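**Q** Here's my sequence, what's the structure:
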Amino acid sequence: MERMEAEAGTVNDSSSDDAPVSKKEAKLAAREAAKKEEKLQKKLAKKLAKKNDGDDVEDDGVDGANGAVNGDAASAALAVNGDATAEAPAEDATSPAKREKLTMEERIRKERPPPRIRVMESSQPDYTALRLENIAITFRDQPVLKSATWGVQTGDRIGLVGANGAGKTTQLRILAGELEPTAGDVVKSHKDLRVAMLRQEFIDEIDLERTLRQEFMSVFVEEAEIVAALRQAETELENMSGDDADAMQEVLDRMAKLQAKADAKNVGALDSRVSKIMDLMGFDPQEGEYKVSMFSGGWKMRIGLGKVLLKDPNILLLDEPTNHLDLESVEWLEAFLRNQNLPMVIVSHDREFLDQVCTKIVDAEGGICTEYQGNYSKFLQLKKARMDAWHAAYNAQEKKIKEERQWINKFKLKQPQAVKQREAQLEKLIKSPDYVQKPPFVGKPFRFRFPPAPRLSPEVAEVKGLTHGYGDGANRLFEDCDLFIEKGDRIAVIGVSV
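**A** This next block holds a predicted model:
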């Protein structure tokens, strides 16, 4: 009050030269000074609040921003107190260095709980399941997944679809245990769950110089080491003389331990397992001695799939299995997968293949995943209906919000109390879980066109008696072929890969 009276006195002194000030005018002046002080205090409080909020944000220039707030706050405090002689302490030039900028991946790891691998409680012995819950994956500042939640279980053949870069292969690697997510949980039905994946690059994992049987046997790395160690111990025992009983006993003990490991791994049944897989993949027994390089791309895919199945997985992951396959191989793979009881997840862009094989579709879009029951054609129908309903709900909500804001602007001065209530209700709606988020922007459909063709005659081309082969004609591809092409023809060339 003393400051207000002093300010009022200052006003009186400054205007005493012109006219005497009445008591009423002095009170008004004091009241205006009080309002100014109140506004200044509110401004100071807001700046201090911004400063406190800024302390929690890891970003460049945070110290400089805080220094600016502190300086403004100190200046405002001096202005309010009327202390013209005091000066705000200058920011120390040797203050701590700016905090290092964190990447988006580091911020997510700091803000969200660390990723975990959990095992389902009271899971049935014959039940197999693997689930992702709120999985996020970010590579430095590039988010791939925001919150992916879906799962595969006994009886499921899931097609994981989405645009290139949507994180499909990344999710397969997380399911296979090859990649740790930035945040979220991987939930297993059993602790010893076995997951195997056929990669896009399975050809790179095949040794073309091995025989077919050797290539299948290469899956059993640990078993091969045990067999090799047993043979080495047998050789050592054969070369020993009977004089050194202690050394002989040491080798015998080692052989007993190795034999126990071999029995636990069922090493004696490896040949029969390979023969069974060869038959399951459609190979003849005599082809076991053929080199892998002699087989076509479709048969090499069968070799890769057979190697994956030899690992005896509980869940099968297939990443683009139909790439570079001929029609016959794709049809074989469709029939083979439909007859398997293994739960599986398939990444593919082949619509017909997904229609023939899958019982459920998981759509990866915008960093989240949505599950749809049915094959790919059913998924397209369900997604369109879902997106139409989403857009309708969002547009209706935005229309209502726009009308509400127009009413608030119209009656801001006439009905301030009602406006305040409506603003609070609107703010509550926007922050509530019932608020409909904006649907993702799909973008314009991809379009292309061919340039106008030059003027053509009805007869475009004609081939008669064409023959071609490799190796001086020893490997003949086709012989005595005829082909006639007319204007407007659309021709598909199909056949078996050799």
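**Q** right, and the helix or strand after the least confident helix or strand in the chain by mean pLDDT?
**A** When the helices and strands of the chain are scored by mean pLDDT, DSSP states H and E, helix 62-81 comes last with a mean of 40. Note on helix 62-81: by DSSP states H and E, the next helix or strand toward the C-terminus is helix 104-111.
**Q** how about Ile303, phi and psi?
**A** phi -60, psi -50 (degrees, to the nearest 10).
**Q** Which parts of this structure are helices?
**A** Taking DSSP state H as the test, the helices found in the chain are 2-15, 23-55, 62-81, 104-111, 168-175, 212-217, 221-238, 245-264, 270-280, 297-309, 327-338, 351-357, 376-410, 416-431.
**Q** wait, which of these is closest to Leu316?
**A** Nearest of those to Leu316, taken as C-beta to C-beta: helix 297-309 at 6.9 Å. (C-beta placed from N, C-alpha, C; glycine too.)
**Q** and the closest one, which residues are buried?
**A** 298-309 (16 or more other C-beta atoms under 10 Å).
**Q** from those residues, which is closest to Ala224?
**A** Comparing these against Ala224 with C-beta to C-beta places Lys307 closest, at 13.9 Å.
**Q** Tell me which residues touch the closest residue in space to the closest one that isn't next to it in sequence, please.
**A** Spatial nearest neighbour of Lys307, excluding adjacent residues (C-beta to C-beta, 6 or more residues apart in numbering): Val219 at 5.1 Å. Contacts for Val219 were tallied using C-beta atoms under 8 Å, 6 or more residues apart in numbering; they are 307, 310-311.
**Q** and those as a markdown table, adding distance to Gln417?
**A** Shown next, in a markdown table, are the contacts of Val219 (distance: C-beta to C-beta, whole Å):
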| residue | distance to Gln417 |
| --- | --- |
| Lys307 | 75 |
| Leu310 | 76 |
| Lys311 | 71 |
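**Q** May I see the buried residues of stretch 409-428?
**A** Applying 16+ other C-beta under 10 Å to stretch 409-428 flags 419, 422 as buried.
**Q** residues in contact with Trp390?
**A** Applying C-beta under 8 Å, 6+ apart, we find Trp390 in contact with 436, 439.
**Q** so what's it scoring on pLDDT?
**A** Confidence at Trp390, expressed as pLDDT, is 94.
**Q** Equivalent analysis for the one 5 residues further on, please.
**A** On the pLDDT scale, Asn395 is placed at 95.
**Q** Likewise for Glu403?
**A** For Glu403, pLDDT reads 94.
**Q** burial of it, as a residue count?
**A** Applying other C-beta atoms under 10 Å, we find 10 other residues in the vicinity of Glu403.
**Q** ok, now how distant is it from Gln437?
**A** In this structure, Glu403 and Gln437 are 20 Å apart, going by C-beta to C-beta, to the nearest Å.
**Q** For Ala229, which non-adjacent residue is spatially closest?
**A** Ala229's closest residue in space is Leu258 (C-beta to C-beta, 6+ apart), at 5.3 Å.
**Q** Quick one: residues contacting the one you found.
**A** Going by C-beta under 8 Å, 6+ apart, Leu258 touches 226, 229-230, 233.
**Q** can you check Val251 too?
**A** 233, 236-237, 240.
**Q** Please repeat the previous calculation with a cut-off of 10 Å.
**A** By C-beta atoms under 10 Å, 6 or more residues apart in numbering, the residues touching Val251 are 232-237, 240, 244.
**Q** In a markdown table, list the residues you listed along with pLDDT, distance to Ile491 and neighbour count.
**A** Output for these, formatted as a markdown table (pLDDT from 0 to 100; distance: C-beta to C-beta, whole Å; neighbours: other C-beta atoms under 10 Å):
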| residue | pLDDT | distance to Ile491 | neighbour count |
| --- | --- | --- | --- |
| Gln232 | 90 | 61 | 14 |
| Ala233 | 88 | 65 | 20 |
| Glu234 | 87 | 64 | 13 |
| Thr235 | 87 | 64 | 11 |
| Glu236 | 85 | 68 | 15 |
| Leu237 | 83 | 69 | 14 |
| Met240 | 80 | 73 | 13 |
| Asp244 | 74 | 79 | 11 |
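**Q** Identify, from those, the entry nearest to Ala389.
**A** Gln232 (68.5 Å).
**Q** hang on, the earlier thing: name the nearest of the contacts of Leu258 relative to Arg116.
**A** Using C-beta to C-beta, the contacts of Leu258 come closest to Arg116 at Ile226, 34.1 Å.
**Q** just checking, that closest one touches Arg254?
**A** No - using C-beta atoms under 10 Å, Ile226 is not in contact with Arg254; the gap is 11.6 Å.
**Q** Mind checking which of those two has more residues around it?
**A** Neighbour count, other C-beta under 10 Å: between Ile226 and Arg254, Ile226 has more, with 20 against 16.
**Q** Give me the pLDDT for the more buried one.
**A** Looking at Ile226, its pLDDT is 91.
**Q** For Ala260, see how far away it is.
**A** In this view, Ile226 and Ala260 are 10 Å apart by C-beta to C-beta.
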